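Undergrad: What follows is a predicted protein model with its sequence.
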Amino acid sequence: MTQELLRVTDLKTEFQRGDEKVYTVNGVSFSLREGETLGIVGESGSGKSVTVHSMLGLLQGAGKVSSGQAIFQNRVDLLQLRRKQLEDIRGRDIGVIFQDPMTSLNPTMRIGNQIMEGMLTHQYASRKKAFERTLDLLHEVGIPEPKARFRNFPFEFSGGMRQRVMIAMAIACEPQLLIADEPTTALDVTVQMQILALMQKLKQDRKMSVLMITHDFGVATNFCDRILVMYGGKVMEAASLDTFIRRPLHPYTIALKSSIIEVGDRHKKLQAIPGMAKVWNAPPHHCPFYERCTFATQQCLKEVPELTQVDDQEDHWLACHHVEEVLKSVG
Amino acid sequence: MAVVMTNVAATKRKKRSQWGLAFRRYRRNKLAVFGLIWVALFLLIGVIGPYIAPYNYQTANFLAANSPPSLAHIFGTDNLGHDMFSEIIWSVQNALEIAFGATLVSFLIGIVLGMWAGLRGGLADLIIMRLVDSMFAIPTYFLDLILVVSFGRGMGPILLAIGITGWASYARLIRSQVLSMRNSDMVEAARSLGASQTQIAWRYVLPNVMNSMVVALAFGIPGDLTVMAGLSVVGMGLRPPLPSFGNMLAQSGVNVLGYPWLMYFPAIVFAITLLSFLFVADGLQEALNPKG
């Protein structure tokens, strides 16, 4: 068993919106081992990104972490750190890649300098070393002619190339943990695959842990070792990739999986999940998925289901009152 | 011909920077190009004016007072016998010093307070923005007059007076730009990779609001020139015999029917100058913030 790198326990985050509070993350717990890739999936508004932003102290203005722990490397609680200490960890021990490479790079800075910036800030390398390392990184992420490209500005790059630059920035200081917040969403499919392949290679070369946020099941099942399904700011199901593909048990996961369109599905009846993800003005006091669930009963309205292990052999966790019923219907 | 042109464009493409692209857009605006030429000439005369002016601004030839344009005095002379051509050339220097100096003062105050308000938010934002509001509420012109009356009519006091009354609009503009920048993906990405507040302010936010700032500055200079001339009209501008456009215009009005050249020449030069600065500002606006 490898070492645990990150353990998040009962993370709760709320936003102040005018006079009311919005409860976005309502007690999320998960752990990530060294070298492991964890995918967090869920539809928009399920609290995936906020979970990660809370951990990194990137919440702006109205957002506040109200409780929880995020123990990193078995030594520090990210949520308790002061701003300065957190700045030291961000970019050095934890690298982050964002969704939209078109807007995430500084248009007034040469891309080489942007990659160097992180290494210099963290005093990871001297200016000369950082320069050489930047050339190596550019080469490693698959940008041809690193020397010439070093001096280019972001507007001279395509979306996929910019995402490669973002990746180079994120891994410049050899972080142990790479957080990827929908890294392929803004790219077109062929480029998506290239970027995923690149990330896969970098991950294996460095034995990095990756936390991948995505709403694309294809990406998640291609790339991750374990998958966490979130809804209403809570973890609904956590399973190894294999279990997730073969035998998902949460009604939400099943519903999500049946609302995917695949190539050639022209005549298949699409099963959309009725309703929309809810905005929580109070912490959920019933199962968050209650309104949209086909298995819902009075019990679901009375108690919030706890995340429990399905059976002792498997690493499969579920937050649902009706495992038996679901099992029966799945067959 | 067309083939050759495209070839040139293709070979040059590699070296083109953002500023190069901006300059290409700027060049398309003919008025802006004219403005730029005039402004450049104006700057040149501001620097070398004292050496090329045919007479010193203090030389008064009483015998030739109020003479119409002639070979010796191509723009004529005023009621004390000052050569108008030389007066105009000397005024350029004074006008430039005050216009650039005052704009710089406003700009520096504005940029510091605006960035502070935008990045810090909260109480600092509240206080600075109320200060901006009160600056807008007080008529700038009268505040200028009061300041000039209490500090004197020298170059320095006038420059400072115009400067410290004009910062509010810069501060407001910069704050609004910083606010929209503060929550951008770019700043978030920088923060997530460990950039500190100061780094974000100077390396990410400031360079990206610079385009709008350059435009605002370019609009600010003719504004300050006008304010400076306005002070002269009520006799609170530069103290004669230091020449200034405002003084010349204010004095020419009395005798405009008898000696019209006293008004024509300075007024034309001043008007073209103001227009040129505005054309340049407009051209920069188009070149730096292109919309479609």
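TA: Thanks, I have it.
Undergrad: OK, contacts around residue 106?
TA: Reading this off chain A. Neighbour list for A:Asn106: A:Gln114, A:Pro154, B:Met186, B:Ala190, B:Arg203, B:Tyr204, B:Pro207, B:Asn208 [criterion: Cβ atoms under 8 Å, 6 or more residues apart in numbering or on different chains]. For glycine as for every other residue, the C-beta is placed from the backbone atoms N, C-alpha and C.
Undergrad: Can you look at chain B instead?
TA: Residues near B:Ser106 by Cβ under 8 Å, 6+ apart: B:Ile162, B:Gly163, B:Ile164, B:Thr165, B:Gly166, B:Trp167, B:Tyr170, B:Gly220, B:Asp224.
Undergrad: Try it again at 7 Å.
TA: B:Gly163, B:Gly166, B:Trp167, B:Tyr170, B:Gly220 (Cβ atoms under 7 Å, 6 or more residues apart in numbering or on different chains).
Undergrad: I'd assumed B:Ile109 was in contact with the third one.
TA: This points to B:Trp167. Yes. Contact criterion Cβ atoms under 7 Å: B:Trp167 and B:Ile109 qualify, at 3.9 Å.
Undergrad: Compare these two (neighbour count), which wins?
TA: Neighbours per residue, other Cβ atoms under 10 Å in any protein chain shown: of B:Trp167 and B:Ile109, the larger number sits with B:Trp167, 24 against 17.
Undergrad: pLDDT value on that one, please?
TA: At B:Trp167, the model reports a pLDDT of 90.
Undergrad: Could you measure from it over to B:Trp202?
TA: Distance, B:Trp167 to B:Trp202, using Cβ to Cβ, to the nearest Å: 20 Å.
Undergrad: now B:Tyr51
TA: 40 Å.
Undergrad: do B:Gly35 as well
TA: 31 Å.
Undergrad: the more surrounded of these two?
TA: Relative neighbour count places B:Gly35 above the other of B:Gly35 and B:Trp202, with 24 against 11, counting by other Cβ under 10 Å.
Undergrad: so where does the residue lying closest to that one once chain neighbours are set aside fall, helix or strand?
TA: Spatial nearest neighbour of B:Gly35, chain neighbours left out: B:Phe279 (3.1 Å); criterion: Cβ to Cβ, 6 or more residues apart in numbering or on different chains. Taking DSSP states H and E as the criterion, B:Phe279 maps to helix B:261-288.
Undergrad: Give the buried residues for that helix.
TA: Within helix B:261-288, the residues that count as buried by 16 or more other Cβ atoms under 10 Å in any protein chain shown are B:261-266, B:269-270, B:273-274, B:276-288.
Undergrad: same thing with stretch B:226-233?
TA: For stretch B:226-233, the buried set under the neighbour-count rule, 16+ other Cβ under 10 Å, comprises B:Val227, B:Met228, B:Ala229, B:Gly230, B:Leu231, B:Ser232.
Undergrad: Please state the offset of that stretch from the chain centre?
TA: Stretch B:226-233 has its C-alpha centroid displaced from the chain centroid by 14 Å (Cα atoms, centre = their mean, to the nearest Å).
Undergrad: tell me the mean pLDDT for that stretch?
TA: Stretch B:226-233 carries an average pLDDT of 86.
Undergrad: Great, nothing more from me.
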